[in-house]
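Undergrad: Predicted coordinates and the sequence they were generated for:
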Amino acid sequence: MLRSKKVTIILSFLIAVVVWAYVIAIENPPATRKFEKVPVQLLSLELLAQSDLAILTGMDATVDVVVSGKRADIAKLNQEDLIATANVFGLTRIGPHLVPVVVSPPSSAVSVEEIRAANILIEIDQLVSQHKRVNLSFTGDFEPGMEAGKITMQPEQIEVRGAKTLVESVLYVNVDVPVESVTPRGSTLFLEAVALDANGLPVPNVRLSSGVVEVGATLLRTKTVPLITELRGEIDDRFEIMSIDIPREITARGNNSDLAEIESIEANPIDVTGITATTNIPIEVTLPDGVEIANRSAGRMYVRIEIKGMTTVDFEYDSSEILMENLAEEYGAYINTPSVTLQAVGREAVLSETTREDFALSVDLTDLEPGIYTVPVTAAYDKTLNSAEVIPREVHITIHIDQREDPPPDEQTPEP
């Protein structure tokens, strides 16, 4: 009876082993699984920095990984359990490189069957750093007649460090300031700084010397009043003013008490002397304590003067067309200079209706005796011009005794 029980126990054990082996083989078979876009961690970046090199592209590389193992073990895996790395050790030149990827499974029960792709493209660039200005962007809308003022920032510039191409694409470092966080009593905020390019998009893979900016701001009221501006001086005669655009109003911001007594604001006189091209001349104002120029006017504090060069027209004159005035009756004269040019400078509208007949050229020979002289040529005209210059200004003239002979006696007119 006892022997029969031992046989039963042994048979039960053997059956259990067989059942267990069946379950393992049939119910938990080998399996494979694909994980897509597994992030690749780059190793030895500090060695690149020591060689003044940085990663331009490849920091965000990913790979697809196929793993195998028992179904139960595979089912427990998460993508975060797979560690993919690429070592940049030994990369010493600027340009593209193919770097192999290694994936470490979480345990020996799982093995890596395939990495797609087994190499990632990494581009190396020169490591540089540049200081960029900090820009504040207020997000949201202030109530009408209100805006932020008394603004402070610390720091006002931030060093941006990274691959040369990326750093040079950074236009400024931006800080978003929620308008609801600005109060009339003043607010001190610690806000995130983000490097942005010319399109306002974040520039990846650069490091900022400070990731946080301390911003101080106070909610102030705005007031628009007349702006009094005086222009002084005159532009060069070679140019004419086409238009002058002067802002007639200015918007200031401050506390109610500071703004209450402001009825107008007078700008410092603006001198236009020496202007030779269309330009914007800054407007400078002196404001009472506690009052600032509001955003509405901050970008329009200048006088725009559009000018253009005067039109120039040349007229050619033969020496015979120059009138010789005040020559003594007993003398004759002729001009040795063959021709002169009259250069008229003035407004285009005037010169378009001006002809050479509008000018009379002459030389004054008063009290000059026979000989050779250099005398100035003058031009008379009734057009409204900036100038009318004769080139050359002087001509050479020869004066001689008139050699005309008296008629013979038989041809003389008899006395009555």
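TA: Sure thing, it's come through. These numbers were taken from a predicted model, which means no experiment stands behind them.

Undergrad: pLDDT below threshold where in the stretch 1-150 of the chain?
TA: 1-7, 9, 11, 13-14, 16-28 (pLDDT under 70).

Undergrad: quick one, strands of it?
TA: 30-43, 53-57, 62-70, 83-87, 95-100, 102-104, 110-116, 119-139, 146-154 (DSSP state E, counting those that start in this stretch).

Undergrad: Run me through the strand neighbours of the shortest one, direction for each.
TA: Applying DSSP bridges to the sheet, strand 102-104 is found paired with strand 83-87 (antiparallel).

Undergrad: got the contact list for the strand it pairs with?
TA: By C-beta atoms under 8 Å, 6 or more residues apart in numbering, the residues outside strand 83-87 that reach it are 38-44, 58, 61-63, 65, 99-104, 115, 120, 122. C-beta here means a position set from N, CA and C on the backbone, and glycine is covered the same way.

Undergrad: now that strand: how far from the chain's centre is it?
TA: Here the centre of strand 83-87 is set off from its chain's centre by 41 Å, with C-alpha atoms, centre = their mean, to the nearest Å.

Undergrad: Over to stretch 343-362?
TA: The answer for stretch 343-362 is 44 Å, by C-alpha atoms, centre = their mean.

Undergrad: Over to stretch 313-323?
TA: 52 Å.

Undergrad: Could you do stretch 35-51 as well?
TA: The answer for stretch 35-51 is 35 Å, by C-alpha atoms, centre = their mean.

Undergrad: Okay, domains of this protein per the record?
TA: With domains defined by automatic domain parsing, the chain comprises 28-117, 126-221, 229-309, 311-401.

Undergrad: Identify whichever of the strands of the stretch 1-150 of the chain lies nearest to Ala344.
TA: Ala344 lies closest, by C-beta to C-beta, to one member of the strands of the stretch 1-150 of the chain: strand 119-139, at 51.0 Å.

Undergrad: which helices and strands sit right next to the closest one?
TA: For strand 119-139, the contact count by 3 or more C-beta pairs under 8 Å, 6 or more residues apart in numbering; DSSP states H and E identifies helix 45-50, strand 53-57, strand 95-100, strand 146-154, strand 157-163, helix 164-169, strand 172-178 as packing neighbours.

Undergrad: With distance to Ala195 and mean neighbour count added, can I get those in JSON lines?
TA: Below are the helices and strands packed on strand 119-139 laid out as JSON lines (distance: least, C-beta to C-beta, whole Å; neighbours: other C-beta atoms under 10 Å):
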{"stretch": "helix 45-50", "distance to Ala195": "18", "mean neighbour count": "13"}
{"stretch": "strand 53-57", "distance to Ala195": "14", "mean neighbour count": "21"}
{"stretch": "strand 95-100", "distance to Ala195": "24", "mean neighbour count": "14"}
{"stretch": "strand 146-154", "distance to Ala195": "16", "mean neighbour count": "17"}
{"stretch": "strand 157-163", "distance to Ala195": "6", "mean neighbour count": "20"}
{"stretch": "helix 164-169", "distance to Ala195": "9", "mean neighbour count": "18"}
{"stretch": "strand 172-178", "distance to Ala195": "6", "mean neighbour count": "19"}
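
Undergrad: and Gly211, which of the ones you listed is closest to it?
TA: Nearest to Gly211, of those and by C-beta to C-beta, is strand 157-163 at 8.7 Å.

Undergrad: tell me the angle the closest one makes with strand 172-178.
TA: In terms of direction (axes from the mean of the first three to the mean of the last three C-alpha atoms, to 10 degrees), strand 157-163 departs from strand 172-178 by 120 degrees.
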